[in-house]
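**Student:** Mind folding the following:
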Amino acid sequence: MPHHCRESDYALCIRDGKQEIKESSYSKFSLQFDESCDIAHCAVLLGFVRYVHQDRIKEEFLLCDNLLTTTKGEDVFNIINSFFTKNGLDWNSVQQVSVDGAPAMMGGHRGLRGLMQAVNPEISVDHCIIHRYSLGSKSLPGNLKLVFEDVLKIVNFIKSRDVNSRIFKELCKEMGEQYQVLLYHTDVRWLSRDKVVHRVIELRKAIQEFLEQKGSPFATKFTDKEWLARLCYLADIFAELNSGNLQLQGRNTTVIDARHTVAAFLAKLRLWIRRLEKGVIAQFPTLDQFIEENSHDTGSLLQTINKEMSDHLKGLETSMHHYFPESDQETASLQWIIHPFSVPDEAIHDDDFLRLANSVQESLDVVGIILNNVSVREGVLNCAGDENKKEDSLECCKRCQAGTFNHEAKNSSTSFKYATPTISLMLLTSLYTGDIVALLLI
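**Tutor:** As a prediction, the model looks like this:
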């Protein structure tokens, strides 16, 4: 739910959103649906909408309804279709729908995707990028998985009984720990793994003392250097995964942003694998600090866990490519929207865009500056000369491109400001706003 909508008045948000969709100057809008069970085991369908209102892209809470019996694709579609009919919304205005990867949602015949496309074949339905990223980051091999399972057992042992929780809390206070409680892990809360493992590392001395008092065999884990080294690695890699997950979330995050986040994480994985082959672990600060504190065992510790870490990172890369098989290709295909003049002609399929780009290149000669990667201070080019003298301004651009022009000439009578990433996008959007808005709505 949008942060400016309180739970008590979400109905007002829905009402305003529906009205603004109808009044929008751009008829298309995109949707996101998710079905989940609450703590009372009630199946709830949530829907969000992204649309254009007063030349601004907005995101709002659209619907919330109970699935009383089954949660099949037909049940979900009937609720959405009833909502559309009741509120005068048109299926032909739906451009993009994002859902989780369950068969009930993505099924091509009886799933929600198939039923929606039967009404409007132009609707594009995709598997939520955040959900795919979470699924791709779940795999843990061998010993790393055993370490994480041990952590969950230790946390559950301490927190499962109230008396244990109270004793552990007092023990933490006596030892001067910053925190006094451990955190539960749940699969539904995708970000919890990082928090759980980090809290265990921070309170490991108190946990070891408590487990020894209780005679638990898990106490020996905290004297096992290899087990602790694997735990530190998990804390670091979970933190990196959570960082990427959070970048995929938030208001006004577009498919372009999401694709770049995924592509950046894949690039980091490849870099980390190469570093591990050279014995470098600086990219994992918690593990690096632990190794330094146990410098007498550095060689044997790194030799033992290095292959495990490398195998895990390679497995993550394979898993991510499984859930994002189109990542590199689609990211490249979207470059024209960010850097339209740095993309090869063959990557742009609309002849009108090519004509517009060529027209701009011939009239301003700014494209040459961009492609030759000339650094312009603060992205602004100040050209001397009269505004009406096109030849003078073009000559200024050519001189600037050659690196012989003073960008801050005090005698400039006219200042032509070309913030290069912005002006190029503005030139394209001036004639093709609809196509670009269509991408930003995804």
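**Student:** on contacts alone, who are the packing partners of the helix or strand hosting Asp257?
**Tutor:** Element membership of Asp257, judged by DSSP states H and E, is helix 255-277. Counting contacts by 3 or more CB pairs under 8 Å, 6 or more residues apart in numbering; DSSP states H and E, helix 255-277 packs against helix 129-136, helix 225-248, helix 298-323, helix 327-333, helix 420-440. Every residue, glycine included, has its C-beta placed from N, CA and C.
**Student:** Just the strands from the stretch 51-200 of the chain, written as ranges.
**Tutor:** Assigned by DSSP state E, counting those that start in this stretch, the strands in the stretch 51-200 of the chain fall at 56-67, 94-99, 124-127.
**Student:** what's the closest of those to Thr318?
**Tutor:** Relative to Thr318, the nearest member of the strands of the stretch 51-200 of the chain by CB to CB is strand 124-127, separated by 18.0 Å.
**Student:** re the thing from before, just the buried residues of the helix or strand following the helix holding Asp257, please?
**Tutor:** Beyond helix 255-277 on the C-terminal side, the first helix or strand identified by DSSP H and E is helix 285-293. For helix 285-293, the neighbour count (16 or more other CB atoms under 10 Å) marks 286-287, 290-291 as buried.
**Student:** pLDDT (mean, whole number) over helix 285-293?
**Tutor:** For helix 285-293, the mean per-residue pLDDT is 90.
**Student:** Give me the contact list for it.
**Tutor:** Applying CB atoms under 8 Å, 6 or more residues apart in numbering, the external contacts of helix 285-293 come out as 198, 201, 228-229, 232-233, 235-236, 281-282, 298, 301-302.
**Student:** So Asp90 sits against Ile123, correct?
**Tutor:** No. Asp90 is not in contact with Ile123 according to CB atoms under 8 Å; the separation is 11.7 Å.
**Student:** Of the two, which one has the most company?
**Tutor:** Neighbours were counted for Asp90 and for Ile123 using other CB atoms under 10 Å; Ile123 has more, 19 against 12.
**Student:** Just give me the least confident of the contacts of helix 285-293.
**Tutor:** Thr298 (64).
**Student:** is it true that His131 touches Gly101?
**Tutor:** Yes. Using CB under 8 Å, His131 is in contact with Gly101, at 6.3 Å.
**Student:** Give me the more crowded residue out of those two.
**Tutor:** His131 (18 against 13).
**Student:** OK, contacts around the closest residue to that one other than its chain neighbours?
**Tutor:** The shortest distance from His131 to any non-neighbouring residue, by CB to CB, 6 or more residues apart in numbering, is to Asp100 (4.9 Å). The contact partners of Asp100, by CB under 8 Å, 6+ apart, come to 34-35, 127-128, 131.
**Student:** which of the residues you listed sit farthest apart?
**Tutor:** The widest separation within the contacts of Asp100 (CB to CB) is 14.0 Å, between Glu35 and His127.
**Student:** low pLDDT regions in the stretch 301-442 of the chain?
**Tutor:** Applying pLDDT under 70 to the stretch 301-442 of the chain flags the ranges 326-442.
**Student:** The stretch 101-250 of the chain too?
**Tutor:** For the stretch 101-250 of the chain, the stretches flagged by pLDDT under 70 are 186-191.
**Student:** can you pull out the helices in it?
**Tutor:** 103-106, 112-119, 129-136, 142-159, 162-174, 192-202, 204-214, 225-248 (DSSP state H, counting those that start in this stretch).
**Student:** Quick one: the ones you listed as JSON lines, columns for distance to Gln54 too.
**Tutor:** As requested, the helices of the stretch 101-250 of the chain are exported to JSON lines (distance: least, CB to CB, whole Å):
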{"stretch": "helix 103-106", "distance to Gln54": "32"}
{"stretch": "helix 112-119", "distance to Gln54": "28"}
{"stretch": "helix 129-136", "distance to Gln54": "28"}
{"stretch": "helix 142-159", "distance to Gln54": "49"}
{"stretch": "helix 162-174", "distance to Gln54": "52"}
{"stretch": "helix 192-202", "distance to Gln54": "39"}
{"stretch": "helix 204-214", "distance to Gln54": "54"}
{"stretch": "helix 225-248", "distance to Gln54": "27"}
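**Student:** right, so of the ones you listed, which gets closest to Leu276?
**Tutor:** Once the helices of the stretch 101-250 of the chain are compared by CB to CB, helix 225-248 is nearest, at 10.4 Å.
**Student:** Can you pull the domain assignment for the chain?
**Tutor:** Following automatic domain parsing, one gets these domains for the chain: 7-127, 136-329, 336-440.
**Student:** Looking at the strands of the stretch 51-200 of the chain, which one is packed in the most?
**Tutor:** Highest mean neighbour count of these: strand 94-99, a mean of 22 (counted as mean count of other CB atoms under 10 Å).
**Student:** Compute the mean per-residue pLDDT across it, please.
**Tutor:** Averaged across strand 94-99, pLDDT comes to 91.
**Student:** and the angle for it with helix 129-136?
**Tutor:** 30 degrees (axes from the mean of the first three to the mean of the last three CA atoms, to 10 degrees).
**Student:** strands paired with strand 94-99, and their directions?
**Tutor:** Neighbouring strands of strand 94-99 in its sheet, by DSSP bridges, are strand 29-37 (parallel), strand 124-127 (parallel).
**Student:** thinking again about what came up before, from the contacts of helix 285-293, which two are the most distant?
**Tutor:** The most distant members of these, if one measures by CB to CB, are His198 and Thr298, lying 22.7 Å apart.
**Student:** So the two - more neighbours on which side?
**Tutor:** Between His198 and Thr298, counting by other CB under 10 Å, His198 is the more crowded of the two (19 against 12).
**Student:** For the closest residue to the more buried one other than its chain neighbours, grab the count of nearby residues.
**Tutor:** Leaving aside its chain neighbours, His198 sits nearest to Ala235 (5.1 Å; criterion: CB to CB, 6+ apart). By other CB under 10 Å, 25 other residues sit near Ala235.
**Student:** How about Asn294?
**Tutor:** Neighbours around Asn294, by other CB under 10 Å: 14.
**Student:** Quick check: the nearest residue to it once chain neighbours are set aside vs Leu231, distance?
**Tutor:** In space, Asn294 comes closest to Lys225 once its chain neighbours are excluded; the distance is 5.9 Å by CB to CB, 6+ apart. Applying CB to CB, to the nearest Å, the value for Lys225 to Leu231 is 10 Å.
**Student:** hang on, the earlier thing: and the buried residues of helix 285-293 as CSV, adding distance to Leu46?
**Tutor:** Output for those, formatted as CSV (distance: CB to CB, whole Å):
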residue, distance to Leu46
Thr286, 36
Leu287, 38
Phe290, 41
Ile291, 45
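**Student:** so which pair among the residues you listed is furthest apart in space?
**Tutor:** Farthest pair in those, by CB to CB: Thr286 and Ile291, 9.9 Å.
**Student:** All set, thanks.
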